[in-house]
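[1] heads up, no residue letters with this:
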């Protein structure tokens, strides 16, 4: 479809963000649906492969800003992970490991049965392990939920994202080695990237709080200081071709355990975080093409059901051992549905490194579309069902 107006890439993205925010606010207040689902729908309609309004992501710096938005969310996610709690209650860690591995194996079996190539089956399986921190954290903050289910969702999301990044990088390294036959290329594409990203994030987690303490304004200027640090960290990892996902999450994790107390204003990073969140979810679905989504919908249907079933079953199986009821176990597993933002950004980063897998994974595109629109609603309803939101408590 031809554009009615000719906009520069920056103007087009700016208009899309304003439109998505306006539509999201109106629909959310009218229906109580999660705003991020609406942002995704607007992004999909305006995408270059649909209406043609938005330019392709490689024609602007939008990927960098999307990574900054995701980095802020991952920092908050990492900060909310309590390693001491995992030590006291190791069954949560066991649950995260089992549900990640179980999901990987089941998705791999379905893909191979469906006739998917081995490398694509492995990539699909590794990414299916993940739960999107952006989707989960946004719904948690929007619903103002708190309790056992909420905390377990956040911790399990962090755990299976780490496993997903590790598995994805190792598989990419294997693919590079299979193509080039050069072992050093394979190592640099996987293990060195993981190690370098984690070390860089840990350094930020130690240095930034130390600088803030010396300035004596940790409580007053924490929001802007950590936001700027995340932006700088994303820029460095982007330039060095490291993983901003692992680096920013490690930054938040280390900052928390470096005895830094964050105040209330830092949830969502205020107006900056809200703005970048709209950009992130518009960008995520704008990378999808409806023909590719349609082509992969058959396999995607089975994979979505299998992924939701394996995560729910695994979490429920360890519910009593980890200290919650069967009902809360089911609610926790169901709430792990989101995966879209994490998957798209990991694949876009692979493309940035010169590794093209995106167009070959039709089923992943279809899964991403479905999970972007529907999964936040599933998470929202699971939290309400678990009675951990003010709305459920009042009811």
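    That came through fine. Fair warning: this is a prediction, and the values are worked out from it, not measured in the lab.

[2] Could I get the full set of helices for the stretch 151-300 of the chain?
    With DSSP state H, counting those that start in this stretch, the ranges of helices along the stretch 151-300 of the chain come out as 183-189, 191-215, 218-240, 244-256, 270-286, 290-295, 297-317.

[3] Show me what the last one is packed up against.
    Secondary structure elements in contact with helix 297-317, counted by 3 or more Cβ pairs under 8 Å, 6 or more residues apart in numbering; DSSP states H and E, are helix 90-114, helix 118-128, helix 326-335, helix 362-385. (Each C-beta comes from the backbone N, C-alpha and C, glycine too.)

[4] Recalculate using a threshold of 6 Å.
    helix 90-114, helix 326-335, helix 362-385 (3 or more Cβ pairs under 6 Å, 6 or more residues apart in numbering; DSSP states H and E).

[5] how many degrees apart are that helix and helix 90-114 in direction?
    Helix 297-317 runs at 160 degrees relative to helix 90-114, counting by axes from the mean of the first three to the mean of the last three Cα atoms, to 10 degrees.

[6] starting at the chain centroid, how far to helix 297-317?
    18 Å (Cα atoms, centre = their mean, to the nearest Å).

[7] Would you mind pulling the contact partners of it?
    For helix 297-317, the external contacting residues (Cβ atoms under 6 Å, 6 or more residues apart in numbering) are 95, 98-99, 102-103, 106-107, 110, 114, 128, 329-330, 332-334, 336, 363, 366-367, 370.

[8] swap in the fifth one?
    Counting contacts by Cβ under 6 Å, 6+ apart, the residues outside helix 270-286 that touch it are 16-17, 20-21, 36, 39-40, 43-44, 47, 54, 62, 65-66, 69, 72, 227, 340-341, 344, 372.

[9] what's the angle from that helix to helix 362-385?
    Here helix 270-286 points in a direction 140 degrees away from that of helix 362-385 (the same axes, to 10 degrees).

[10] Report the separation between residue 65 and residue 234.
    Between residue 65 and residue 234 the computed distance is 9 Å (Cβ to Cβ, to the nearest Å).

[11] ok, now residue 98?
    32 Å.

[12] neighbour-wise, which of the two wins?
    Legend: neighbour count by other Cβ atoms under 10 Å for residue 98 and residue 234, higher for residue 234 (26 against 17).

[13] Hmm, that one is touching residue 68, no?
    Yes: taking contacts as Cβ atoms under 6 Å, residue 234 lies within contact range of residue 68: 5.0 Å.

[14] Buried only: go through the contacts of helix 297-317 for me.
    Neighbour-count burial (16 or more other Cβ atoms under 10 Å) applied to the contacts of helix 297-317 gives 95, 98-99, 102-103, 106-107, 110, 128, 329-330, 332-334, 336, 363, 366-367, 370.

[15] buried residues in stretch 38-57?
    38-50, 53-55, 57.

[16] Out of these, list just those in helices.
    Members of the buried residues of stretch 38-57 lying in helices (criterion: DSSP state H): 38, 39, 40, 41, 42, 43, 44, 45, 46.

[17] Just the buried residues of stretch 243-257, please?
    243-256.

[18] does the residue lying closest to residue 127 once chain neighbours are set aside sit in a helix or strand, and which one?
    Of all residues beyond its chain neighbours, the one nearest residue 127 is residue 343 (4.9 Å), with distances taken as Cβ to Cβ, 6 or more residues apart in numbering. Using DSSP states H and E, the element containing residue 343 is helix 340-352.

[19] Check residue 323 too.
    With DSSP H and E as criterion, residue 323 is part of no helix or strand.

[20] tell me which helix or strand of the chain sits lowest on mean pLDDT?
    Least confident helix or strand, the chain: helix 183-189 with a mean of 57, by mean pLDDT, DSSP states H and E.

[21] Any idea how many residues pack against residue 215?
    For residue 215, the neighbour count with other Cβ under 10 Å is 11.

[22] ok, now residue 371?
    So residue 371, with other Cβ under 10 Å, has 26 neighbours.

[23] Looks like it contacts residue 340 (just checking).
    Yes: Residue 371 lies in contact with residue 340 (Cβ under 6 Å); the separation is 4.7 Å.

[24] Verify the stated contact: residue 165 with residue 246.
    Yes: using Cβ under 6 Å, residue 165 makes contact with residue 246 at a distance of 5.5 Å.

[25] list the contacts for the residue nearest to residue 168 when sequence neighbours are not counted?
    Spatial nearest neighbour of residue 168, excluding adjacent residues (Cβ to Cβ, 6+ apart): residue 126 at 4.5 Å. Residues in contact with residue 126 (Cβ under 6 Å, 6+ apart) are 164, 167, 168, 171.

[26] Kindly recompute the last result at 8 Å.
    For residue 126, the contact set (Cβ atoms under 8 Å, 6 or more residues apart in numbering) comprises 104, 164, 167, 168, 171.

[27] And residue 383, by the same measure?
    Going by Cβ under 8 Å, 6+ apart, residue 383 touches 139, 140, 143, 145, 149, 150, 331, 335, 389, 392.

[28] ok, now with 6 Å
    Neighbour list for residue 383: 143, 145, 389 [criterion: Cβ under 6 Å, 6+ apart].

[29] Which one (most neighbours) among these?
    Neighbour counts for the contacts of residue 383, by other Cβ under 10 Å, peak at residue 145, which reaches 25 neighbours.

[30] Residue 29 versus that one, what's the distance?
    Distance, residue 145 to residue 29, by Cβ to Cβ: 19 Å.

[31] follow-up on the earlier one: now, the most widely separated pair of the buried residues of stretch 243-257?
    243 and 256 (19.8 Å; Cβ to Cβ).

[32] mind showing which ranges of this structure have poor pLDDT?
    Across the chain, residues meeting the criterion (pLDDT under 70) sit at 1-7, 57-60, 176-190, 216-222, 258-268, 341-342, 345-361, 391-395.

[33] Now with 80, please.
    Applying pLDDT under 80 to the chain picks out residues 1-10, 48-52, 55-61, 63, 172-193, 212-223, 257-272, 340-365, 368, 391-395.
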